[in-house]
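**Q** Structure for this input, please:
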Amino acid sequence: MITLRRAQDRGHADHGWLNSYHTFSFADYYDPREMGFGSLRVINEDRVQGGKGFGTHGHRDMEIISYVLDGALEHKDSIGTGSVIEPGDVQRMSAGTGVMHSEYNHSPRELVHFLQIWIEPKQRGVRPSYEQKRFSTEDKKGRLRLVASPDGADGSVRIHQDAWVYASVLDGADAASYSVPAGHKAYVHVARGAVELNGERLSAGDGARISGEVELHFGNAQQAELLLFDMA
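**A** Okay, here's the model as predicted:
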């Protein structure tokens, strides 16, 4: 079964400096029907104005993934990490026993557009840690590229959950397929462009809950970039 979550049905908050869309309940947006899916708890699509950002704040017991689409995001945290995340980078922060961090638009003028994803960990109370790796457009072109996994397979960042995150860039005749392991759930989020998933047309901001499907087929794409979450 594929259940669509259209972009226009997401929660929305416009704070002036921050324009944010929430796939699942978050902050002041609450919908008891949209509390996450499997271990996937948050997909926020954020656009932050130049020179603005999220001041120092805390997290605990959450795997947090940042995926930048345009611009650059500056990160600093209480475990000594400081970095700039750009398109193609995947950042993972395991909050574990607790971490403080801040996120700012690295540019004083240009917008930064990114996805922030929260995955609930399999084990609570892990030691906080940070990881950042780069996956080029060419590496994601025409296929599903593993970018996060429980064991860091294929050069992916490592998360503390039985979940596998893939990124793909598809256009024109490009196509990709995925076999969903028995008993797993999957979720697809289209970051930009448009693509067909098993005959269903998805556009930027759209998502799809997937249960009981054996094969997923992506095709007929128009400058699409998407994320696929496979959850045990």
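
**Q** Can you give me the domain assignment for the chain?
**A** 11-134, 137-231 (automatic domain parsing).

**Q** my guess is residue 42 meets residue 26, correct?
**A** Yes. Counting by Cβ atoms under 8 Å, residue 26 is a contact partner of residue 42 at 5.7 Å. No exception for glycine: its C-beta is placed from N, CA and C like everyone else's.

**Q** For the domains of the chain, could you give me a markdown table that also reports mean neighbour count, mean pLDDT and distance to residue 3?
**A** Formatted as a markdown table, the domains of the chain follow (neighbours: other Cβ atoms under 10 Å; pLDDT from 0 to 100; distance: least, Cβ to Cβ, whole Å):
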| stretch | mean neighbour count | mean pLDDT | distance to residue 3 |
| --- | --- | --- | --- |
| domain 11-134 | 17 | 96 | 9 |
| domain 137-231 | 18 | 98 | 4 |
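
**Q** Go through those and name the closest to residue 5.
**A** Closest approach to residue 5 among those (Cβ to Cβ): domain 137-231, 4.0 Å.

**Q** Show me what the lengthiest strand in the chain packs onto, helices and strands only.
**A** Scanning the chain for the strand with the most residues, using DSSP state E, yields strand 215-231. Packed against strand 215-231 by the contact rule (3 or more Cβ pairs under 8 Å, 6 or more residues apart in numbering; DSSP states H and E) you find strand 163-172, strand 176-179, strand 185-197.

**Q** quick check: angle from the longest one to strand 163-172?
**A** Taking axes from the mean of the first three to the mean of the last three Cα atoms, to 10 degrees, one finds that strand 185-197 is oriented at 0 degrees with respect to strand 163-172.

**Q** Output strand 185-197 as CSV, restricted to C-alpha atoms.
**A** The C-alpha trace of strand 185-197 is given here as CSV (Å, rounded to 0.1, in the frame of the first residue of the first chain):
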residue,chain,number,x,y,z
LYS,A,185,8.3,-0.1,6.0
ALA,A,186,9.5,2.6,3.6
TYR,A,187,9.0,6.3,3.1
VAL,A,188,9.8,8.4,0.1
HIS,A,189,10.2,12.2,0.2
VAL,A,190,10.6,14.2,-3.0
ALA,A,191,13.0,17.1,-2.3
ARG,A,192,12.6,18.7,-5.8
GLY,A,193,11.3,18.1,-9.3
ALA,A,194,8.8,15.3,-10.0
VAL,A,195,8.9,11.5,-10.4
GLU,A,196,6.5,8.6,-10.7
LEU,A,197,6.6,5.9,-7.9
